[in-house]
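>>> all I have is the shape, not the residue letters:
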């Protein structure tokens with residue numbers, strides 16, 4: 001086999017045929033006094049919900065534009081909650097104090113609706129566009145362009161100033177690392193090119209000012225078998241710390257053996273939120289675990305965030321890529337290293353591959369302003 005082919009093969013990652021693809025775009029902008037003035041006739045300060053009609057008017061204008069561009073699933077969120085999107089065979093939209101969660105199947109679930117608290121003036125208006133394409137990853141550039149057009153038209157209709165709307169394109173691949181052992185013998189190969197490179201191949205250009213973020217999250221469910229790896233001393237103030245330390249040591253050892261030198265280990269039932277920031281930090285904010293990184297700098301180290309007095313449903317491992325992790329082919333090598341690391345962890349913990357799950361979600365995001 002030629003050397004070039006060998007090198008190319010090293011940068012491909014093989015994932016189960018059953019891996020789920022997803023794509024969605026979120027646009028957000030501040031709710032300014034100028035925008036309120038534009039829709040002043042819809043705001044009745046004496047009402048119990050003075051802003052309800054205003055939010056409905058905003059959403060009506062949005063949905064009209066979405067319809068004209070063939071965008072079937074679009075939501076307006078005006079309650080300052082963090083938006084999460086996940087696959088589900090059943091359509092469910094649920095809310096907590098800090099989050100609004102959209103569970104859906106891109107093939108079957110559609111909708112247009114506004115979510116807001118009519119009694120309050122939101123800090124920001126957020127718009128969520130969910131894809132309903134087949135071959136989501138293959139058609140991601142074209143969905144991106146349609147949504148970008150919709151946002152531009154909506155921004156113009158609202159009279160928003162240039163570069164005041166922040167847009168983020170989120171793309172995921174989700175699968176069970178041990179799907180093959182459970183009978184899913186089909187595979188698909190990916191080089192995991194950067195979004196800008198994939199879009200360029202389809203003739204669509206991403207702004208030079210766009211910021212990219214790439215990371216993967218692996219989940220290790222805390223089953224009864226995992227709990228019983230150690231005898232838990234429930235009289236201790238932090239009875240579960242030894243279990244989390246055991247798992248953490250296994251992860252660090254495996255990661256280093258596979259050429260990975262950073263990971264955030266989370267065992268506190270918080271939702272990890274990875275963001276591009278100049279100042280790196282790991283901090284909790286209510287229901288969310290905020291992870292701030294800059295792709296321009298390669299983070300080295302293993303951060304550990306757990307509550308030793310709590311038994312969590314799962315331990316989460318967050319691997320954040322820097323520019324050093326992207327080869328000329330893409331991020332295939334990076335995900336290969338993660339898969340090898342998690343297989344090693346599973347072997348050390350006596351995993352039953354044909355029974356126990358280890359979900360991996362590979363994230364690629366780009367953010368830019370319109």
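That came in fine, so what should we check first? Worth saying up front: this structure is predicted, and the values here are computed from it rather than measured.
>>> which residues touch residue 293?
Counting by CB atoms under 8 Å, 6 or more residues apart in numbering, residue 293 touches 213, 274-277, 280, 299, 320, 322. In short, each C-beta sits where N, CA and C put it, glycine included.
>>> distance-wise, check the closest residue in space to it that isn't next to it in sequence relative to residue 120.
Nearest non-adjacent residue to residue 293, counting by CB to CB, 6 or more residues apart in numbering: residue 320, 4.9 Å away. Distance of residue 320 to residue 120, computed by CB to CB, to the nearest Å: 34 Å.
>>> the more surrounded of these two?
A direct count of neighbours by other CB atoms under 10 Å for residue 320 and residue 120 places residue 320 higher, at 24 against 13.
>>> give the contact list for residue 21.
Residue 21 neighbours (CB under 8 Å, 6+ apart): 136-137, 171-173.
>>> what is it paired to in the beta sheet?
Beta-bridge pairing of residue 21 under DSSP bridges involves residue 173.
>>> gap between the residue lying farthest from the centre of the chain and residue 116?
Distance from the C-alpha centroid of the chain, by CA atoms, centre = their mean, peaks at residue 46 (40.1 Å). Per CB to CB, residue 46 is found 19 Å from residue 116.
>>> go on, residue 90?
Separation of residue 90 from residue 116 (CB to CB) stands at 24 Å.
>>> of these two, which one has the most company?
Set residue 90 next to residue 116 and count neighbours by other CB under 10 Å: residue 116 wins out with 21 against 9.
>>> which one is the more buried one nearest to, not counting chain neighbours?
Of all residues not flanking residue 116 in the chain, residue 78 sits nearest, at 3.8 Å (CB to CB, 6+ apart).
>>> tally of neighbours for that neighbour?
The tally of other residues near residue 78 (other CB under 10 Å) stands at 24.
>>> before we move on, what about residue 247?
Residues lying near residue 247 (other CB under 10 Å) number 22.
>>> just the one 3 residues further on next, same as before
Taking other CB under 10 Å as the neighbour definition, residue 250 ends up with a count of 18.
>>> surely it meets residue 346?
No: judged on CB atoms under 8 Å, residue 250 makes no contact with residue 346 at a distance of 9.1 Å.
>>> ok, residues contacting the helix ranked longest in the chain?
Longest helix of the chain, by residue count under DSSP state H: helix 140-158. For helix 140-158, the surrounding residues in contact (CB under 8 Å, 6+ apart) are 23, 25, 27, 29, 35, 38, 58, 61-62, 65-66, 69-71, 74, 127, 129, 131, 133, 136, 164-165, 167, 169, 171, 195, 198-199, 202, 204, 370.
>>> one more time with 7 Å, if that's ok
Helix 140-158 is contacted by residues 23, 25, 27, 35, 61-62, 65-66, 69, 71, 129, 131, 133, 165, 167, 169, 171, 198-199, 202, 204, 370 when judged by CB atoms under 7 Å, 6 or more residues apart in numbering.
>>> out of those residues, which are buried?
Buried members of the contacts of helix 140-158, counted by 16 or more other CB atoms under 10 Å: 23, 25, 27, 35, 61-62, 65-66, 71, 129, 131, 165, 167, 169, 171, 198-199, 370.
>>> would you map the strands across the stretch 51-200 of the chain?
Here the stretch 51-200 of the chain has its strands, by DSSP state E, counting those that start in this stretch, at 73-78, 82-87, 92-95, 99-104, 111-116, 124-130, 166-176, 187-190.
>>> measure stretch 16-25 end to end?
Terminal residues of stretch 16-25 lie 25 Å apart, using CA to CA, to the nearest Å.
>>> what element comes up after the lowest-mean-pLDDT helix or strand in the chain heading to the C-terminus?
Sorting the helices and strands of the chain by mean pLDDT, DSSP states H and E puts helix 3-10 at the bottom, at a mean of 53. Sequence order places strand 13-16 as the next helix or strand after helix 3-10, per DSSP states H and E.
>>> and that next one, what does it pack against?
Packing partners of strand 13-16 (3 or more CB pairs under 7 Å, 6 or more residues apart in numbering; DSSP states H and E): strand 166-176, strand 187-190, helix 332-348.
>>> redo those as TSV? Include mean pLDDT.
Shown next, in TSV, are the helices and strands packed on strand 13-16 (pLDDT from 0 to 100):
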stretch	mean pLDDT
strand 166-176	98
strand 187-190	96
helix 332-348	98
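>>> so which of the contacts of helix 140-158 belong to helices?
35, 61-62, 65-66, 198-199.
>>> nearest to residue 103 among these?
Closest approach between these and residue 103, by CB to CB: residue 66, at 20.5 Å.
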